[in-house]
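Trainee: Kindly generate the corresponding structure for this input.
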Amino acid sequence: MSLRRSKLSSASLSDLENSSPAVIAVIQPPTTSKNKMRAEIPSPPRSESMAYSAHSPLSNMWSKLMHYVRYHTTFFIGGLTLLLLVIVMLTDDGSGGIASSHSLIRGSKWADHWGGAVHPGYFMTADAVIDDHTFHFATVTDLDKLSVVKDSSKPLFRSTLLPGVLTRDVNTNRYSIKFDKTRNLVSQHNEAGRGMELSELTVYKNRLLSFDDRTGTVFEILSSPDGADSYVVPRFVITEGEGDTDKGMKWEWATIKNNELILGSMGKEFTRPDGSIENTNNLWVAILNERGELRREDWESKFNFVRELVGASPPGYIIMEAILWSDHLKKWVFLPRRISSKTYDEVADERMGSNRVVLVDDSFTSGTVVEIKMKDSDMDPLHGFSTFAFVPGTRDTHAMAVRSVEEDCTGAVEECKQRSYIMVFDVLTGEVLMDEFKIDLPEKFEGIEFVNIATPPPKW
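Mentor: Residues are numbered from 1 along each chain as shown. Just a heads-up that it's a prediction; the model follows:
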């Protein structure tokens, strides 16, 4: 039955609005017998109604959740997207794939294929710390032409890996060193009859890496099953400059910044005998990220900035073999091996050793030069920095450094005399915390890192 809507005239409405107090009667349609019966039947409580059936606590919670989702759809979708992104990042195996469900269920670390390796690295930086004042370290040699193994039937080249322990006296803040037994690293990889001229030692992604300054090879140093010996495997071969050449990069230093491995050379142009520049390939750096992807950067302006700070602008030069980025200091730390204000001469260059530290901000717009306060007897111009590492627990203010010597090495190989010295100093003040002393081997060490090389590999 249709009901007609009652209408009030505008006058009637006005009368109602002006009446006080107002009593408004609800106008209802005529009551029929069917309506009367319907009105007499009481409505059931909401919980008993078919439209509002009884709910369990769980269903009530679900209803509330659905209500929240309907009225906060954008927020909900954004949160779900962020959660999925985090899951993908956590399960990314570094090769663009996702870790297997088996590895996730077991909670094990999935494969890390950096440099084509099947297994992940196992040299943890924390394992180098024996206690707050005692640390494992190792240093490695670059023997130049002397690296060839003469009695080998096939081309073979070697480098010496020397482990040790650095200890700090808490009362005097002075350091002392005890060396361990050397290990012999060998490889057949070479360029034009030279190889295994290892110029740096760095732990990256829990991998102990070293870098050949002749072939451009990035080697990984691995342990024998019992950790008693070491051997090398090549992971990358990187060519010099922009990369469009078959000449291996002359690696001299490596550091980690923003979780990337930065590899660099000596910071000097390659010059002809008359001093003219042949190329600037050694002013480039290579950068490897955690996936093993490589890119290159031209550092000519950065090296020139450091040259100006130490008074070595052209025709002068610097030779760099020891550069690190400090996360604590937020600065680049340069230890030039040689500094000269004159045109490069390979014979005179052997006596251009430096005792200076250069601290540079990340933008290469300001820098400070610190003189290391060495004893007069240690101020030998043949000695120059070839590598260094920050002492753990010092917030990068203490450095253990190697100073190497190449004497009469521009002529016959038999006349070349190599040796190295080691010391500890304060980076910010130049205070010497362990006087320079000679490593008791007639070899040139060019890489150092705090690491326990006796670490055995896991059972895969």
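Trainee: Count the residues that sit near the residue nearest to residue 200 when sequence neighbours are not counted.
Mentor: Once flanking residues are discounted, residue 200 sits nearest to residue 447: 4.2 Å by CB to CB, 6 or more residues apart in numbering. C-beta: built from backbone N, CA, C; applies to glycine. Neighbour count for residue 447, taken as other CB atoms under 10 Å: 29.
Trainee: which residues does residue 447 contact?
Mentor: Contacts for residue 447 (CB atoms under 8 Å, 6 or more residues apart in numbering) come out as 139-140, 142, 198-202, 210-211, 387.
Trainee: ok, 10 Å please
Mentor: Contact partners of residue 447, counting by CB atoms under 10 Å, 6 or more residues apart in numbering, are 138-142, 159, 161, 198-202, 209-211, 251-254, 321-322, 386-387, 389, 402.
Trainee: tell me the centre residue of the chain?
Mentor: Nearest to the geometric centre of the chain sits residue 259, at 2.7 Å (CA atoms, centre = their mean).
Trainee: So the nearest residue to residue 315 once chain neighbours are set aside, which state does it fall into?
Mentor: Distances taken as CB to CB, 6+ apart place residue 343 nearest to residue 315, at 4.3 Å, with adjacent residues excluded. Using DSSP: H, G, I helix; E, B strand; the rest coil, the structure places residue 343 in coil.
Trainee: and what of residue 66?
Mentor: helix.
Trainee: Quick one: neighbours of it, just the number.
Mentor: Residues near residue 66, counting by other CB under 10 Å: 10.
Trainee: begin at 42 from here
Mentor: Okay, using 42 as the starting number, the last item reads as residue 107.
Trainee: how close does it sit to residue 125?
Mentor: To residue 125, residue 107 is 21 Å away according to CB to CB, to the nearest Å.
Trainee: Repeat that for residue 264.
Mentor: Taken as CB to CB, the span from residue 264 to residue 125 is 39 Å.
Trainee: what do you get for residue 464?
Mentor: From residue 464 to residue 125 the distance is 53 Å (CB to CB).
Trainee: Who has more neighbours out of the two?
Mentor: residue 464 (23 against 10).
Trainee: hey, what's residue 439 bridged with?
Mentor: residue 467 (DSSP bridges).
Trainee: Go ahead and confirm the residue nearest to residue 356 touches residue 355.
Mentor: Yes. In this structure residue 384 lies within contact range of residue 355 using CB atoms under 10 Å: 8.8 Å.
Trainee: any low-confidence regions in the stretch 392-501 of the chain?
Mentor: Under the criterion pLDDT under 70, no range of the stretch 392-501 of the chain is flagged.
Trainee: and stretch 465-480, how far apart are its ends?
Mentor: 14 Å (CA to CA, to the nearest Å).
Trainee: for it, which positions count as buried?
Mentor: 465-469, 471, 473-477, 480 (16 or more other CB atoms under 10 Å).
Trainee: What of stretch 440-449?
Mentor: For stretch 440-449, by 16+ other CB under 10 Å, it's 440-447.
Trainee: still on that earlier bit, taking the buried residues of stretch 465-480 together, which two end up most distant?
Mentor: Farthest-apart pair in the buried residues of stretch 465-480 is 469 and 480; separation 26.0 Å (CB to CB).
Trainee: next helix or strand past the helix or strand bottoming out on mean pLDDT in the chain?
Mentor: Ranked by mean pLDDT, DSSP states H and E, the helix or strand of the chain with the weakest confidence is helix 142-147, at a mean of 34. Using DSSP states H and E, the next helix or strand after helix 142-147 towards the C-terminus is strand 170-172.
Trainee: From the rest of the structure, what touches that following strand?
Mentor: 176-177, 206-208, 433-434, 491, 493.
Trainee: Shouldn't residue 378 be within a strand?
Mentor: Yes. Residue 378 forms part of a strand when assessed by three-state DSSP.
Trainee: So it sits against residue 351, correct?
Mentor: No. Contact criterion CB under 10 Å: residue 378 and residue 351 do not qualify, at 12.0 Å.
Trainee: Need the overlap of contacts for those two.
Mentor: 359, 395.
Trainee: Which one's more surrounded, the two?
Mentor: Between residue 378 and residue 351, counted using other CB under 10 Å, the more crowded position is residue 378 (24 against 19).
Trainee: So for the more buried one, what's the nearest residue that isn't a sequence neighbour?
Mentor: The nearest residue in space to residue 378 (CB to CB, 6+ apart) is residue 425, at 3.7 Å.
Trainee: before we move on, what about residue 222?
Mentor: Nearest to residue 222 is residue 204, by CB to CB, 6+ apart, at 7.5 Å.
Trainee: what secondary structure does that neighbour sit in?
Mentor: strand.
Trainee: bridging residues for it?
Mentor: Bridge pairing for residue 204 (DSSP bridges) gives the partners residue 179.
Trainee: Can you give me the distance of it to residue 271?
Mentor: Counting by CB to CB, the gap from residue 204 to residue 271 is 9 Å.
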